[in-house]
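Chemist: generate coordinates for the sequence data below:
(one chain, ligands or ions: 2)
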Amino acid sequence: MHGMVNIAVRAARRAGELMIRQLNRLETLEITEKNRNDYVTEVDYRAEEAIIEVIYDHYPDHSILAEERGQQGNHEFQWIIDPLDGTTNFIHGFPVFAVSIAVTHNGQLEHGVVYDPLRQEIFTASRGQGAQVDGRKIRVSRCHNMRHSLIATGFPYRGNKQHLDDYLAMLKSVIVASSGIRRPGSAALDLCYVAAGRVDGFWELGLDIWDIAAGALMIKESGGRISDFQGTDAYLHSGNIVAGNPKIYAGLSKLLAPHTRNLDQET
Ligand code: IPD
Ligand code: CA
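Modeler: Ligands and ions are numbered 1, 2, ... in the order given. Next comes the predicted model:
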């Protein structure tokens with residue numbers, strides 16, 4: 001395992017421990033609403049600080065882009081951190097949340113780690129080296145047919161509600177064409193589940209780079225496809241994502257295409 005992946009795993013586990021400890025006393029959790037339906041808890045802050053401390057212990061010069069702290073430094077290596085992906089779930093004790101850490105080198109994704117502290121599953125990937133869960137190689141599913149596919153998604157529920165109608169049209173097409181839809185509530189884990197073949201495809205609008213950087217590398221390294229709705233690599237910045245095994249990625253992209261006109265104009 002690459003040294004940076006080791007450090008990311010150590011940092012993610014430390015953040016995960018904080019979450020598990022707090023989960024037994026959610027009633028004392030301090031919660032702030034940053035914007036409508038956009039919450040942050042003391043655990044997001046503490047987990048982020050713990051992760052950054054581990055990284056700086058080993059790589060004091062590297063840059064950081066973290067959900068709560070923002071951008072810091074100007075180094076060729078950048079660590080992109082979502083300390084708690086699935087904050088809304090966490091606040092409610094709904095057991096789907098994760099830590100997501102990615103490393104880029106001159107803007108290119110090099111490493112990704114996603115940790116699910118409840119299942120104690122650790123997803124890892126390095127560019128050109130494949131993707132693993134708990135050290136076991138993962139591949140996207142072999143499902144070839146939209147009709148048999150299980151698709152994950154995320155609903156627009158805060159600032160991105162201006163596209164709610166387009167999203168609902170997409171949802172309707174996918175409900176009709178697939179065998180089922182899931183909305184677990186952590187985009188980082190959704191992408192890992194595509195990589196591990198637990199779902200066959202995923203789409204969402206307006207995600208942030210820290211939600212998706214690590215998971216995107218998992219998909220690429222497990223034989224999957226990921227892009228924005230025009231099929232380009234700009235998804236890390238627009239946050240508009242369609243992903244899946246190659247067949248389902250193609251099927252899903254085709255289904256979503258008629259409803260992406262308004263989004264295309266923005267990206
Ligand atoms: C959110 C989760 C959710 C997705 C949202 C994200 P957060 O991240 O990934 O599944 O639908 O768009 O913002 O706010 O819990 O870190
Ligand atoms: Ca997130």
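Chemist: I'd say residue 231 and residue 250 touch.
Modeler: No - contact criterion C-beta atoms under 8 Å: residue 231 and residue 250 do not qualify, at 9.8 Å. Every residue, glycine included, has its C-beta placed from N, CA and C.
Chemist: which residues in the protein form helices?
Modeler: Per DSSP state H, the chain carries helices over the ranges 3-23, 42-58, 87-92, 164-177, 187-195, 209-221, 235-238, 246-256, 261-266.
Chemist: may I have the beta-bridge partners of the closest residue to ligand 2 within the stretch 1-150 of the chain?
Modeler: Using C-beta to the ion, the single residue of the stretch 1-150 of the chain nearest to ligand 2 is residue 85, 3.7 Å away. Legend: beta-bridge partners of residue 85 under DSSP bridges are residue 98.
Chemist: which bits of the stretch 51-200 of the chain sit near ligand 2?
Modeler: For the stretch 51-200 of the chain, the residues in contact with ligand 2 (C-beta under 5 Å from the ion) are 82, 85.
Chemist: can you tell me the residue of the stretch 51-200 of the chain closest to ligand 1?
Modeler: Using C-beta to the nearest ligand atom, residue 154 is the residue of the stretch 51-200 of the chain that sits closest to ligand 1, at 2.9 Å.
Chemist: phi, psi for that residue please.
Modeler: Phi and psi for residue 154, reported as degrees, to the nearest 10, are phi -130, psi 140.
Chemist: ok so, going back, of all the helices of the chain, which gets the most neighbours per residue?
Modeler: helix 187-195 (a mean of 30; mean count of other C-beta atoms under 10 Å).
Chemist: what does it rub up against?
Modeler: Residues outside helix 187-195 that contact it (C-beta atoms under 8 Å, 6 or more residues apart in numbering): 82, 85-86, 96-98, 100, 114, 116, 123, 125, 131, 133, 138, 140, 152-154, 184, 199-202, 204, 207, 211-212, 214-216, 218-219, 221-222, 224, 226, 243-245.
Chemist: can I get the helices of the chain in TSV with distance to residue 30 and mean pLDDT?
Modeler: Formatted as TSV, the helices of the chain follow (distance: least, C-beta to C-beta, whole Å; pLDDT from 0 to 100):
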stretch	distance to residue 30	mean pLDDT
helix 3-23	10	97
helix 42-58	4	96
helix 87-92	11	95
helix 164-177	30	97
helix 187-195	23	98
helix 209-221	21	98
helix 235-238	31	94
helix 246-256	39	98
helix 261-266	35	66
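Chemist: same list, the ones you listed, but as a markdown table with distance to residue 68 please.
Modeler: A markdown table is the format used below for the helices of the chain (distance: least, C-beta to C-beta, whole Å):
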| stretch | distance to residue 68 |
| --- | --- |
| helix 3-23 | 12 |
| helix 42-58 | 5 |
| helix 87-92 | 10 |
| helix 164-177 | 27 |
| helix 187-195 | 16 |
| helix 209-221 | 10 |
| helix 235-238 | 19 |
| helix 246-256 | 31 |
| helix 261-266 | 26 |
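Chemist: okay, now residue 180: neighbour count?
Modeler: Close neighbours of residue 180, defined as other C-beta atoms under 10 Å, add up to 12.
Chemist: nearest residue to it other than its sequence neighbours?
Modeler: residue 150 (5.1 Å; C-beta to C-beta, 6 or more residues apart in numbering).
Chemist: contacts only, for residue 198.
Modeler: residue 141.
Chemist: show me the shaky parts of the stretch 101-250 of the chain.
Modeler: 159-160 (pLDDT under 70).
Chemist: repeat that with 90
Modeler: Applying pLDDT under 90 to the stretch 101-250 of the chain flags residues 157-163.
Chemist: does residue 236 touch residue 216 like I think?
Modeler: Yes - between residue 236 and residue 216 there is a contact under C-beta under 8 Å: 6.8 Å.
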